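Novice: output the structure for:
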Amino acid sequence: MKTSTLTRRHTLKTITYALLSACVFAPVAMAQGAFPNKPITLVVTYPPGGGADAMARLMAKAS
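Specialist: The predicted model follows:
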């Protein structure tokens, strides 16, 4: 029973710290400008037609 209490206490403490840090750092993240400010070049070092090329094309099309 003691380990269950300690585990629950540890979990609640971790959640509390996570919420507090989210509240502290949220204004900092909102104060930043739009990113990226210029186009990004995506370099794929694998040959065309492969899985990496297809994934890179999907990511480039999504942005």
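Novice: now the helices for this structure?
Specialist: With helices called from DSSP state H, the chain shows them at 2-30, 51-62.
Novice: out of these, flag the one nearest residue 40.
Specialist: helix 51-62 (9.2 Å; Cβ to Cβ). C-betas here are computed from N, CA, C, even on glycine.
Novice: for that closest one, which positions count as buried?
Specialist: Buried positions in helix 51-62, judged by neighbour count with 16 or more other Cβ atoms under 10 Å: residue 56.
Novice: most tightly packed of the helices of the chain?
Specialist: Mean neighbour count (mean count of other Cβ atoms under 10 Å) peaks for helix 51-62 among these, with a mean of 11.
Novice: and it, C-alpha only, in CSV?
Specialist: Below are the C-alpha coordinates for helix 51-62, written out as CSV (Å, rounded to 0.1, in the frame of the first residue of the first chain):
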residue,chain,number,x,y,z
GLY,A,51,10.1,5.9,-49.3
ALA,A,52,12.2,8.9,-48.1
ASP,A,53,11.5,10.8,-51.3
ALA,A,54,7.8,10.1,-51.1
MET,A,55,7.6,11.3,-47.5
ALA,A,56,9.7,14.4,-48.3
ARG,A,57,7.3,15.3,-51.2
LEU,A,58,4.3,14.9,-48.9
MET,A,59,5.8,17.1,-46.2
ALA,A,60,6.8,19.7,-48.8
LYS,A,61,3.3,19.7,-50.3
ALA,A,62,1.7,20.1,-46.8
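Novice: now what about that helix, what contacts it?
Specialist: Residues from elsewhere that reach helix 51-62, judged by Cβ atoms under 8 Å, 6 or more residues apart in numbering: 42, 44, 45, 46, 47.
Novice: mind listing what the second one touches?
Specialist: Taking Cβ under 8 Å, 6+ apart as the contact definition, residue 44 lies against 52, 53, 56.
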